[in-house]
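>>> Structure for this input, please:
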Amino acid sequence: MRRRRFPTTSSATICPPPWFTTYPRRCSPSTGNSSRSGTSNTIRPRTARRNLEETDFAIVSLDGGVYVSATGDNYDASRLLLTDRIEQFDLQGDPVAMVPNRDTLLVTGSEDEAGLALMGDVVNRTLDAPRSMCGIPMRLRHGEWETWLPPPGHPQHRNFRLLEIKSIGGDYAEQKSLLDALYLKRGVDRFVATYSAVENHNGDPFSYCLWSRGIAAELPRAEFILFYRDAHQALCGGPWEEVAEIVGDLLEPLDTWPPRYRVQDFPTSQQLKAIGNIKL
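Have a look, this model is predicted:
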């Protein structure tokens, strides 16, 4: 295991994570600040990145070809934006990074099978730690990060698919809890549907949501939409994109993240027939 530090300046300024921006707001009269300006101090990504570049960047190189940020200042995940330094790592293939929580940045190579396996194992064990963030890998291409998964057939494809679904499911579970509490407080009768996941007959995981007859609901953007025509008839459904082509007029997009869609009506029998049955 090798420990490495990048050069820094002696007077570093610590700032909030680069993606953190305080939105302009009016100052309270009690603060003594003028409310006519309508803005407060704002931390912008460019300033945050510059400040990060001036801080220490300690990394640990594991034997399995994985680099781990070990600065320990609560901004390790933020150093994902220091792409010029990450490109200096000795990797097999393009840099692939994961930030399961604010104190963890892991980087390995897209062609490093052992490194990907180790990184996936570390993320699976740390994703539920406090200040969790994301279990979806990102690949650095042409100076920009893009979400990425090992291709189908890769030994680590299924493991990273499970982490992806687990990460998205965690975001939706937290959102559902907040929306349920909000609607209860406001006396709004609305069902917030669950983002669920199962494995198909080949053992491949996929996410789905249920669209129920006679219930106004807010559906998560899962990979599949499933329907029960009634309690005794076969399950029907399909990939979200294909279902939306048939009943897209019934899906009202909401201004939420993760995305949700409000449904008031249920598809007609002709529409359900067009959607067809699905075998899990």
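
>>> low-confidence ranges in the stretch 51-200 of the chain?
Along the stretch 51-200 of the chain, the model assigns pLDDT under 70 to no residue.

>>> now R262, what's its secondary structure?
R262 falls in the strand class when you classify it by DSSP: H, G, I helix; E, B strand; the rest coil.

>>> and what of E241?
Under three-state DSSP, E241 falls in the helix class.

>>> separation between it and E223?
According to C-beta to C-beta, to the nearest Å, E241 and E223 sit 9 Å apart. To be clear about C-beta, it is placed using only N, CA and C from the backbone, and glycine gets the same treatment.

>>> Give me the more crowded residue out of those two.
Under the criterion of other C-beta atoms under 10 Å, the comparison of E241 against E223 puts E223 first, with 16 against 10.

>>> tell me the contacts of the more buried one?
Counting by C-beta atoms under 8 Å, 6 or more residues apart in numbering, E223 makes contact with F206, S207, Y208, P239, W240.

>>> is it true that the second one touches F224?
Yes - under the contact definition of C-beta atoms under 8 Å, S207 touches F224, with a separation of 7.1 Å.

>>> ok, the nearest residue to Y261 once chain neighbours are set aside - contacts?
Spatial nearest neighbour of Y261, chain neighbours left out: L251 (4.3 Å); criterion: C-beta to C-beta, 6 or more residues apart in numbering. Applying C-beta under 8 Å, 6+ apart, one finds that L251 lies in contact with L219, A244, Y261, R262, V263.

>>> Selection in ChimeraX covering whichever of those are buried, please.
Command for ChimeraX that selects the buried part of these, burial taken from 16 or more other C-beta atoms under 10 Å:
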select :219,261,263
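
>>> Going by distance to N51, which of the contacts of L251 wins?
Y261 (39.0 Å; C-beta to C-beta).

>>> Give me the pLDDT for that closest one.
Y261 carries a pLDDT score of 98 in this model.

>>> what do you get for S212?
Looking at S212, the pLDDT reads 89.

>>> tally of neighbours for V198?
13.

>>> hang on, the earlier thing: mind telling me the two of the contacts of L251 farthest from one another?
The span of these, defined through C-beta to C-beta, is set by A244 and R262 at 13.8 Å.

>>> packing partners for the host helix or strand of L106?
Assessed by DSSP states H and E, L106 sits inside strand 104-109. The helices and strands touching strand 104-109, judged by 3 or more C-beta pairs under 8 Å, 6 or more residues apart in numbering; DSSP states H and E, are strand 67-69, strand 95-101, helix 113-126.

>>> Show residues contacting the helix or strand that comes right after the longest one.
Using DSSP H and E, the helix or strand that follows helix 113-126 towards the C-terminus is strand 138-141. Residues external to strand 138-141 that are found in contact with it (C-beta under 8 Å, 6+ apart): 80, 83, 86-87, 94-98, 110, 145-148.
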